[in-house]
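Asker: just the structure for this:
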Amino acid sequence: MTEICDWSERLNSSYTKDESLAFETPVLTEAYNAWERLGGIPSRCQFTPRLSKAFLGNLVIFERHESTFRIRLMGTRISCVLGEMQGKLLPDAVPPEVAARWQTDLSEVIANRKPLRAVKTVAFNDLHYLEAELFLAPLLDSRGELTMVFAVVAFRMGVAPNHQLGDLIAASR
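Answerer: Predicted coordinates:
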């Protein structure tokens, strides 16, 4: 029973931001290397399908729209897990508390003009058993203005370390 309580606590507090960019997921390292090879803050048009091939399904591009962000592009691996959100504004795509957290991270990446690694529990659509590791980086729009964020996301089981969800349920009986 203690393990379930520990897992519940971890679920509610599972959020890490990290500027070291020490990715655990190889696809995020590939995306970071591609972003960095372009030098400085690249523009969206520099990410051709050929350059993005290894992480295209995990890619999300956000664009600042007034006081929020619009999801301009959403890879199939992300939409299969979270649902289709391409073209939607954050407040229309996710619950308000999730939109606020995403808004903060995306705004921070633009304000600081540098990439960020984040690890967080998926907090909506009953996906709380998943953890998302993200690579977030600033991106220029077609006019050369910093209005976009390049995000590559990888999902993994976020259940208590060294345990399967079934083990936790069995232990609670």
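Asker: can you show me the helices along the protein?
Answerer: Listed in chain order, the helices of the chain (DSSP state H) span 2-13, 26-37, 49-52, 76-82, 90-93, 96-112, 165-171.
Asker: just the pLDDT at the closest residue to residue 106 other than its chain neighbours, thanks.
Answerer: Distance criterion CB to CB, 6 or more residues apart in numbering; nearest residue to residue 106, sequence neighbours excluded, is residue 149 at 4.8 Å. Yep, even glycine has a C-beta here, placed from its N, CA and C like the rest. Note for residue 149: predicted pLDDT of 98.
Asker: bridged to residue 149, which residues?
Answerer: Beta-bridge partners for residue 149, by DSSP bridges, are residue 62, residue 138.
Asker: from what I can see it touches residue 61, true?
Answerer: Yes - counting by CB atoms under 8 Å, residue 149 touches residue 61, with 7.3 Å between them.
Asker: which one's more surrounded, the two?
Answerer: More crowded of residue 149 and residue 61, by other CB atoms under 10 Å: residue 149, with 25 against 19.
Asker: list the contacts for the more buried one?
Answerer: 61-62, 69, 106, 109-110, 136-139 (CB atoms under 8 Å, 6 or more residues apart in numbering).
Asker: quick check: it vs residue 85, distance?
Answerer: Residue 149 is 14 Å from residue 85, where distance means CB to CB, to the nearest Å.
Asker: next one: residue 107
Answerer: To residue 85, residue 107 is 18 Å away according to CB to CB.
Asker: re the thing from before, can I get the contacts of residue 149 in TSV with distance to residue 154 and pLDDT?
Answerer: Conversion of the contacts of residue 149 to TSV gives the following (distance: CB to CB, whole Å; pLDDT from 0 to 100):
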residue	distance to residue 154	pLDDT
61	16	97
62	17	98
69	20	98
106	18	96
109	17	96
110	22	97
136	13	97
137	15	97
138	20	98
139	19	97
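Asker: farthest-apart pair in those, please.
Answerer: Greatest spatial distance in these: 69 and 137, 14.3 Å, computed using CB to CB.
Asker: more neighbours, the two?
Answerer: Shown here are residue 69 and residue 137; by other CB under 10 Å, residue 69 has more neighbours (25 against 21).
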